[in-house]
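Engineer: just to be clear, the model below is a prediction. Sequence and coordinates:
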Amino acid sequence: MSDKWVILCDFDGTITFDETFVAILTRFAPVLASELIPQMYDLTLTLKEGVRRIMESIESVHYPEMLEMISAAPIRKGFFEMLGGLAACHIPFLIVTGGVSEFVRAALKGVPEGVSSIYGMTVDHSGPFLKISSNLESESELVAKVRLLDQFPGSRFICIGDSVTDLQLALRCDIVFSRGRLSSYLEDRKIDFFPFENFFDIARILDRIICQPSLEIS
Ligand SMILES: [Mg+2]
């Protein structure tokens, strides 16, 4: 079996301590968000339709405030330390958000060392209302995270996530780190995962499973 690993990590509620994207949608589109978000959580409305309807109801004039809000989001403990540890193992670490990729760069103050790429939606705020697009669109998702797997043929995958936008990806990964709602979705489907509270928990397990330089020498 291949020993080439790729890590795909969610952003909102995973790298950020709180579910920031939902908080932003709720603040800037309170009525639509309160109507549609529960339907996306109970899987009766597609992420594609729900997120697009909410995002595109928001006036572009609010975009700078959205960026300001996300740039103050607390980051989960151990994230930067884990990246430092992974750098020694040369394992690609991709951040893939069901939200907006520019929000990730705003929260992390750029692209931190150790992060290979950031994937997510792009926002056009040149018109009166926001317009969103994504290179990873599928029939039901704006950011179909599973589509990234095709870019790494012959690899094994580790995913890290917390919610509904990570579900399809988690079903396809070799190792899953999960918290929050994602854990319930996986339990319902009898899929094994490692629960985590912070990135130190993840680093300890990754170190044991995929990153042992001393074993490579022997
Ligand atoms: Mg999330």
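Structural biologist: Okay, I see it. These numbers come from a predicted model, not from an experiment. Numbers count the residues shown, from 1 in each chain.
Engineer: going by neighbour count, which residues in stretch 32-43 are buried?
Structural biologist: Across stretch 32-43, burial judged by 16 or more other C-beta atoms under 10 Å covers 32-33, 36-37, 40. Quick note: C-beta positions are derived from backbone N, CA and C, even for glycine.
Engineer: and if you look at stretch 45-62?
Structural biologist: 45-48, 50-52, 54-55, 57-58, 62.
Engineer: using CSV, lay out these together with distance to the ion, secondary structure and pLDDT.
Structural biologist: Below are the buried residues of stretch 45-62 laid out as CSV (distance: C-beta to the ion, whole Å; DSSP: H, G, I helix; E, B strand; the rest coil; pLDDT from 0 to 100):
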residue, distance to the ion, secondary structure, pLDDT
Leu45, 17, coil, 94
Thr46, 17, coil, 93
Leu47, 11, helix, 89
Lys48, 16, helix, 91
Gly50, 14, helix, 94
Val51, 12, helix, 94
Arg52, 18, helix, 95
Ile54, 16, helix, 97
Met55, 16, helix, 96
Ser57, 21, coil, 97
Ile58, 20, coil, 98
His62, 22, helix, 97
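Engineer: for the host helix or strand of Thr97, packing partners?
Structural biologist: Using DSSP states H and E, Thr97 maps to strand 93-100. Packing partners of strand 93-100 (3 or more C-beta pairs under 8 Å, 6 or more residues apart in numbering; DSSP states H and E): strand 5-9, helix 20-28, helix 47-55, helix 101-108, strand 117-124.
Engineer: run the angle between the first one and strand 93-100 for me.
Structural biologist: Okay, so that is strand 5-9. Calculated by axes from the mean of the first three to the mean of the last three C-alpha atoms, to 10 degrees, strand 5-9 forms an angle of 30 degrees with strand 93-100.
Engineer: having no further points to raise, I will conclude here.
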